[in-house]
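J.: 3D model of this:
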Amino acid sequence: MFALVAAGSVFFPGLFLLTRRSLRRLIGWSDGDAAVVATRLLSSLQAVMASSVGCVVVWSCSDIVEDRHWLTDAYIFFATPYFAYDVYAMYLCHHHRLRVKGHEEAEEATLAAVAGFLRRESLMVLHHVFLVAFCFPASFWRQGKGDYFQALLFLAELSTPSVSLGKVLIQYNRQHTLLHRANGLVLLLTFFCCRVLLFPYLYYAYKLLSLLNGLSERNPSCCLSLRYCNLGAGLLWPLQLYWFSLICRRALGQFSRRPPGNATAGRHGSPLGNTNTANQSDGHRG
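T.: A predicted model of the protein is given here:
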């Protein structure tokens, strides 16, 4: 367990630093540009890894309560440090955007800048803190059961690559291209299926299993796990509904707006060129 946590603690920050340095040297981007794109790339990589693990475990479980797969707990331990790293990466992106915009806020002391970041990204930071504080201990609360349900939660990451691609396209001022609109449709579909419908399906699958096998929620052996699961769903699902409403609102605005004829890339092709739009909340990342 500790070896996997240590490996994740080295892998995610190390790959971020390597990617940022490679973008600076090979493409010639500034440190801020490279940091923002490296953050998006690593978010997409983690999402692909989590979704792949989820698919493997889901397809391997014939008994959705008793069947186990070693990848479930292994990936939880390995990926837990990612959420701590991602908070720091989001702060770096916030800091670089302020510098590009040239606001006085960029000259604030470090503590004030951190406080501004926490105010702006409070929901996202709380989301990440909750995942670390709740999902990591959940591996022990499950008492070796329910790998199928945990794997379904991994599949929620399927929408993250679309979010990352959309933000990069906006940073390049390509929000009026066909690629951006097609990516928006993919985002709507994946977010709705893998985030909005996910939690009702978890309850549906459990209730169906209870009816077929005669299980009871009053069974002391599962009462504690159900209590924690209900708490987690009650805190996470409203966030998904809120972010999905933001995605729908932006999608409606995008498709109802006529594309300008002179849309150009940000200055010198910088992915931070269009900071007003890119500075909006990611909607979700983890």
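
J.: neighbours around the nearest residue to R195 once chain neighbours are set aside, how many?
T.: Once flanking residues are discounted, R195 sits nearest to Q240: 4.3 Å by CB to CB, 6 or more residues apart in numbering. C-beta coordinates here come from the backbone N, C-alpha and C atoms, glycine included. The local packing of Q240 (other CB atoms under 10 Å) involves 22 other residues.

J.: Okay, and Q175 sits in which element?
T.: Under DSSP states H and E, no helix or strand contains Q175.

J.: I'd say it and Q254 touch.
T.: Yes: in this structure, Q175 is within contact of Q254 by CB atoms under 8 Å, at 7.0 Å.

J.: before we move on, back to that, the residue nearest to R195: what secondary structure?
T.: helix (DSSP: H, G, I helix; E, B strand; the rest coil).

J.: go on, K145?
T.: Per three-state DSSP, K145 ends up coil.

J.: Could you tell me how far Y91 is located from L118?
T.: 9 Å (CB to CB, to the nearest Å).

J.: Over to G184?
T.: Noted for G184: a distance of 29 Å to L118, by CB to CB.

J.: Same check on A89?
T.: 15 Å.

J.: Have a look at the two and say which one is more surrounded.
T.: Between A89 and L118, counting by other CB under 10 Å, A89 is the more crowded of the two (23 against 15).

J.: what's the closest non-adjacent residue to the more buried one?
T.: Nearest residue to A89, sequence neighbours excluded (CB to CB, 6+ apart): T39, at 4.4 Å.

J.: quick one: which helix or strand includes the one you found?
T.: helix 31-60.

J.: how about that helix: buried residues?
T.: For helix 31-60, the neighbour count (16 or more other CB atoms under 10 Å) marks 32-47, 49-51, 53-54, 56-58 as buried.

J.: Packing partners of it?
T.: Using 3 or more CB pairs under 8 Å, 6 or more residues apart in numbering; DSSP states H and E, the elements in contact with helix 31-60 are helix 2-27, helix 70-101, helix 147-154, helix 160-171.

J.: Just put the ones you listed in CSV and tack on mean pLDDT and distance to V129.
T.: Shown next, in CSV, are those (pLDDT from 0 to 100; distance: least, CB to CB, whole Å):
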stretch, mean pLDDT, distance to V129
helix 2-27, 94, 17
helix 70-101, 86, 8
helix 147-154, 89, 17
helix 160-171, 89, 18
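
J.: quick one, which of the ones you listed is nearest to F136?
T.: Smallest distance to F136 across the helices and strands packed on helix 31-60 (CB to CB): 5.0 Å, for helix 70-101.

J.: packing partners for the closest one?
T.: helix 2-27, helix 31-60, helix 110-120, helix 122-130, helix 136-141, helix 147-154, helix 275-278.
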